[in-house]
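Asker: Sharing a sequence plus its predicted fold:
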Amino acid sequence: MEPLEQQQIEKALKELSGWKHEDDKLWKKFEFSDFKEALAFIVRVGLEAEIMGHHPNLFNVYNSVSIGLQTHDAGNKVTEKDVNLAMAIESIA
């Protein structure tokens, strides 16, 4: 899978509310009412990621979950795979 050009990433971000492109990753922080909701979200994201064969960087502190997406097989750059997983995550959220 080839890394996306900056223009392609910017176009994708227009469809991904709250996501940003930093450090060669797509990033977003999600906030929930408590740890239980945050953990349930992580589980749902994990199951979807496994189905897609693409595994995000997940960081959890109490009620917040930060997700970073990049494709390791593409030199740790953003690819269409990352955009597709971000869209799937948005449907879960």
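Answerer: Everything's here; your move. Numbers count the residues shown, from 1 in each chain.
Asker: make it CA atoms for all contacts and neighbour counts henceforth
Answerer: Noted.
Asker: Relative to the whole chain's centre, how far out is the longest helix seen in the chain?
Answerer: The helix that spans the most residues within the chain, counting by DSSP state H, is helix 35-52. Averaging C-alpha positions (CA atoms, centre = their mean, to the nearest Å) puts helix 35-52 11 Å from its chain's average.
Asker: Report all helices and strands that it contacts.
Answerer: Judged by 3 or more CA pairs under 8 Å, 6 or more residues apart in numbering; DSSP states H and E, the packing partners of helix 35-52 are strand 64-69, helix 80-92.
Asker: tell me which residues in that helix are buried?
Answerer: Phe35, Ala38, Leu39, Phe41, Ile42, Val45, Gly46, Glu48, Ala49 (16 or more other CA atoms under 10 Å).
Asker: angle of it against strand 64-69?
Answerer: 20 degrees (axes from the mean of the first three to the mean of the last three CA atoms, to 10 degrees).
Asker: Please work out which residues outside helix 35-52 touch it.
Answerer: Identification of contacts with helix 35-52 by CA atoms under 8 Å, 6 or more residues apart in numbering yields 31-32, 55-56, 58, 60, 62-65, 85, 88-89, 92-93.
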